[in-house]
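> Task: produce atomic coordinates for the following.
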Amino acid sequence: MAKKEKSDYLIQAVSHALDLLEQFHDEIDELGVTELSKRLKLHKNNVFRLLATLESRGYIEQNRVTENYRLGLKTLELGQTFIRQMGLLRQSKPVLEALVKECNETTYVAILKELNIIYLDAVETDMTVRVVPRVGSRLPAYCTAAGKVQIAYMSDEELENYLPTKELKRYTNSTVTDRDVLKKQLKVIAEQGYAIDNEELDIGVKCVGAPIRDYTRRIIGAVSISGPSMRFTDDRVEKELIPLVMKAAEEISSKLGFQK
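Modelled structure (predicted):
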């Protein structure tokens, strides 16, 4: 059986919607249905349906005075997300590399996405026994240091929505599965400014994490240090790794314009 090209999987309606969004560029900030129909070579009814769909999701909005259409706030949010993530990666890389030189353990930068964290980048230790990097992987936030240190600053209402069930999935014997117990732990994390994953996701793996903030003081990610539990003794975590990860988070935050 011949292998299909990616172009064989394209959805025409989605392509048309993206074509419509791309008509707004340079000095073109508003367009009417007739003009869009000409540009896209589509019937007006099809254009109306595309506009209605995009408007319902916030990607397009209508100027009630001119009745023309323009880009909605959702497109700005997407652009800002891209800029933040690219800025975060660019600014964090040298800090992660320096952090590895100081502690010789694997370091990560991660963001929160819905109920999970996603590791955007990692710098590995040269130790023989190491944690396998999980760049691009989605991991549950409530049992990872990089995740807990981000959800710790959510309001009670946000946490209620974020943790929809009373009992959370158990991954190891150390996983906190009770929502109320977790919420108490998160309050402590918010006060101290760092989180510890004590073999809560993987047996034999420990992790420490601290939050990264941008110029608006909003938490946009976390930096973490991860390694085998045999090297992450309580004494080392307390005296060496926590100060290092907090210092690294502050440095990245500073590069992103955060001021205390």
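
> Just the C-alpha atoms of stretch 223-238, please, in CSV.
Once side chains and other backbone atoms are set aside, the C-alpha atoms of stretch 223-238 remain, and they are given as CSV (Å, rounded to 0.1, in the frame of the first residue of the first chain):
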residue,chain,number,x,y,z
VAL,A,223,12.6,25.3,35.7
SER,A,224,13.4,22.0,37.3
ILE,A,225,16.3,19.7,38.2
SER,A,226,15.7,16.0,38.0
GLY,A,227,17.7,12.9,38.9
PRO,A,228,17.8,9.5,40.6
SER,A,229,16.7,9.4,44.2
MET,A,230,20.0,7.9,45.3
ARG,A,231,21.7,11.2,44.5
PHE,A,232,18.9,13.4,45.6
THR,A,233,19.3,13.0,49.3
ASP,A,234,17.2,15.3,51.6
ASP,A,235,20.4,17.1,52.7
ARG,A,236,21.5,17.7,49.1
VAL,A,237,18.1,18.8,48.0
GLU,A,238,17.8,21.3,50.9
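
> Just the mean pLDDT for it, thanks.
Confidence for stretch 223-238, expressed as mean pLDDT, is 93.

> Touching that stretch from outside, list them.
92, 95-96, 99, 103, 105-110, 125, 127, 129-131, 144-146, 196-197, 199, 204-210, 212, 241, 244-245, 248-249, 252 (Cβ atoms under 8 Å, 6 or more residues apart in numbering). For every residue, glycine as well, the C-beta is placed using N, CA and C.

> got it, and stretch 251-260?
By Cβ under 8 Å, 6+ apart, the residues outside stretch 251-260 that reach it are 87-88, 91-92, 95, 109, 211-215, 217, 220, 223.

> among those, which are in strands?
Using DSSP state E to define strands, the subset of the contacts of stretch 251-260 located there is 109, 211, 212, 213, 220, 223.

> Most neighbours of all those, which one?
When neighbours are counted by other Cβ atoms under 10 Å, residue 223 leads those with 32 neighbours.

> Bridged to it, which residues?
In this structure, residue 223 bridges to residue 109, residue 210 when assessed by DSSP bridges.
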